[in-house]
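Participant: Here is a sequence with its predicted model. Questions after.
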Amino acid sequence: MTENEHKISERDKANVLISEESILSRIGELSREIERDYGGSDNKLVLLGILKGSIVFMAELMKQLRLPMEIDFMKVSSYGSGTESTGNVEIKLDIRRRDLETSDILIVEDIIDSGRTLSYLIEYLKLRGAASVKTVTLLDKPSRRVVDLKPDYCGFVIPDEFVVGYGLDFDEKYRELPFVGVLKPEFLEK
């Protein structure tokens, strides 16, 4: 056997939880909901992607939305290395807009787990003067919630499993998978 034959494909390291087809279909439905809710607003719609995990979801959402919009990004962290949250929210890249008071901010998240980070960001953006702040997430894990938070738009509610793919990672790996999968236990170790 060659070296390549011994390598395990990234796709084989996770069991599919949500297929690419299901994800794309659900993003289309979310887009229609967002269009309905924001279509009549006089404010500017700003999709605020939370780096890095939301980038794949946000890109597809942008393609499917039929509304004028702008995009911006923030990078925040409440995770250390691996799978456990530290509970402390640190802003690593802040939003730098002078037009928050005329902006409807739609925070785009890959997954909501404990809810600490998103809850913090919502309050932070409101205090900074945003016209409105709502949330859209591809995945929601309400069984892990430690704060009172419900996303305004949700793609899928999932069980308490460690998931990867469609932008979600484990130590910066597996983001490129075109589906959401549950990482097999033997690959959760470094």
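Facilitator: Looks like it came in fine.

Participant: Which residue ranges of the chain form strands?
Facilitator: Under the criterion DSSP state E, strands of the chain are mapped to 14-18, 44-51, 70-79, 85-93, 103-112, 132-140, 153-157, 163-164, 180-183.

Participant: show me what contacts the residue positioned nearest the centre of the chain?
Facilitator: Central residue of the chain (CA atoms, centre = their mean): D110, 1.5 Å from the mean position. Applying CB atoms under 8 Å, 6 or more residues apart in numbering to D110 gives the contacts I50, G53, S54, V56, F57, T137, L138, L139, Y166, G167, L168. For glycine as for every other residue, the C-beta is placed from the backbone atoms N, C-alpha and C.

Participant: can I get these in JSON lines with distance to S25, pLDDT and neighbour count?
Facilitator: Output for the contacts of D110, formatted as JSON lines (distance: CB to CB, whole Å; pLDDT from 0 to 100; neighbours: other CB atoms under 10 Å):
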{"residue": "I50", "distance to S25": "23", "pLDDT": "95", "neighbour count": "23"}
{"residue": "G53", "distance to S25": "21", "pLDDT": "93", "neighbour count": "21"}
{"residue": "S54", "distance to S25": "19", "pLDDT": "96", "neighbour count": "25"}
{"residue": "V56", "distance to S25": "16", "pLDDT": "97", "neighbour count": "20"}
{"residue": "F57", "distance to S25": "14", "pLDDT": "98", "neighbour count": "25"}
{"residue": "T137", "distance to S25": "16", "pLDDT": "98", "neighbour count": "24"}
{"residue": "L138", "distance to S25": "13", "pLDDT": "98", "neighbour count": "32"}
{"residue": "L139", "distance to S25": "15", "pLDDT": "98", "neighbour count": "24"}
{"residue": "Y166", "distance to S25": "13", "pLDDT": "96", "neighbour count": "26"}
{"residue": "G167", "distance to S25": "17", "pLDDT": "96", "neighbour count": "24"}
{"residue": "L168", "distance to S25": "19", "pLDDT": "95", "neighbour count": "23"}
